[in-house]
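*Asks:* Have a look; sequence and predicted model below, questions after that.
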Amino acid sequence: MITIDAFCHVGDCCIFETTVGEYEIIAAIDANRVNAVILQPFPGAPNPAATHDRIADLASRYPGRIYGVANVNPHINLDKYHQEIERCVRQLGFVGVALDTFGHSVNPNGRYAKTVFETARELGIPVVVRTGWGAPFGLPSAVLPRAREYSDVKIVLASAGAGLYTHEAYVVAREAPNVYLETSWCRSDDLRWLINELGATRIMFGSDLASNQEAELAKYRSLGLFQFQQYNVFGQTALEVFGLKGVAELAEPSPVTTAATAAHPATAEGETGSTETSAATETTTA
């Protein structure tokens, strides 16, 4: 069974004052037997374009295991915004674009958000909308007018209201068939309810953070889902929504794995695992 982490961040973030390095991503997907992860920069990335390049580089080193979603503040110059998203999709092979309502303070129904949806429609990619934090912009219900206006664009409500507004996310998905729910930070009983009410083909597993991946997987595994439900929520929904190609099969785990390799697999390949050098390159805004 293919498992895909459909929503995860990497790089540096000056908003949340955190850093997630490439080695943490690879360590998490190896330890948790996750076939692939869809990565995006944090909203507070000092230089989103540089983080996009880091994701593309990681994807080239781990083919079929790393995919990218572009995340740029749409409040910047609109021509520069469009150029960077187009570069990510056409040159780097990214599979979606993010609308971070909280981190970038974007009204889903405002003119800057419209740029995001228009760009997604033009490039034929889904929009991943962060929900659950920062009301009113982060309310799932705020996305419904756009979902109806852009009915030909697939929309993923990331974190599906994050527990507090999960029922709102359900209503939006019920009313708009082009809306799908990624469920990081939702409660286990809400997951079961969403799957039963909407169907497993509308739900996808995600972590938000590599350190949260194991816990999010445990929620799903505790539900006693039928095989066909697991097939969809763990991987098939994300495969179809993002149009992923070439997802890697996982080799059988080695009977002996050193602690150092398990903790820092990138280091075992000759990388330092440090983010200091890459962080130093992120000094300009895309």
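*Replies:* Okay, I see it.
*Asks:* Just to check, Phe234 is in contact with Ala6?
*Replies:* No. Phe234 lies out of contact with Ala6 (CB atoms under 8 Å); the separation is 9.8 Å. Where you see a C-beta, it was placed from the backbone N, CA and C, and this is true even at glycine.
*Asks:* Report the set of residues contacting both of those two.
*Replies:* Shared contacts of Phe234 and Ala6, defined by CB atoms under 8 Å, 6 or more residues apart in numbering, comprise Phe205.
*Asks:* in the stretch 101-250 of the chain, which spans are helices?
*Replies:* Assigned by DSSP state H, counting those that start in this stretch, the stretch 101-250 of the chain shows helices spanning 111-123, 144-149, 166-175, 188-198, 213-221, 227-231, 237-242.
*Asks:* Please identify the most buried of those helices.
*Replies:* With neighbours defined as mean count of other CB atoms under 10 Å, the helices of the stretch 101-250 of the chain peak in mean count at helix 237-242, which reaches a mean of 22.
*Asks:* which residues touch that one?
*Replies:* Taking CB under 8 Å, 6+ apart as the rule, helix 237-242 contacts 2, 4, 6, 38, 67, 95-96, 126, 154, 156, 180, 200-205, 244, 247.
*Asks:* Find the least confident helix or strand in this protein, judged by mean pLDDT.
*Replies:* Least confident helix or strand of the chain, by mean pLDDT, DSSP states H and E, is helix 276-281 with a mean of 38.
*Asks:* returning to that earlier point: what about the contacts of helix 237-242, which are in strands?
*Replies:* Ile4, Ala6, Ile38, Tyr67, Gly96, Val156, Tyr180, Ile203, Met204 (DSSP state E).
*Asks:* Between which two of those is the distance greatest?
*Replies:* Tyr67 and Ile203 (18.7 Å; CB to CB).
*Asks:* wait, isn't Ala176 in contact with Pro145?
*Replies:* No. When contacts are counted by CB under 8 Å, Ala176 is not listed as touching Pro145 (9.7 Å).
*Asks:* ranges for the strands of the stretch 1-150 of the chain?
*Replies:* Using DSSP state E, counting those that start in this stretch, the strands of the stretch 1-150 of the chain run over residues 4-13, 18-20, 36-41, 66-70, 96-99, 127-130.
*Asks:* Now do the third one and strand 66-70, the angle between them.
*Replies:* Between strand 36-41 and strand 66-70, the angle comes out at 30 degrees (axes from the mean of the first three to the mean of the last three CA atoms, to 10 degrees).
*Asks:* quick revisit: make TSV out of the strands of the stretch 1-150 of the chain and add mean pLDDT, mean neighbour count and distance to Arg54.
*Replies:* Converted to TSV, these look like this (pLDDT from 0 to 100; neighbours: other CB atoms under 10 Å; distance: least, CB to CB, whole Å):
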stretch	mean pLDDT	mean neighbour count	distance to Arg54
strand 4-13	98	26	6
strand 18-20	96	16	11
strand 36-41	98	28	9
strand 66-70	98	27	10
strand 96-99	98	26	16
strand 127-130	98	29	18
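*Asks:* Please name whichever of those strands is nearest to Tyr220.
*Replies:* That would be strand 4-13 among the strands of the stretch 1-150 of the chain, by CB to CB, at 11.7 Å.
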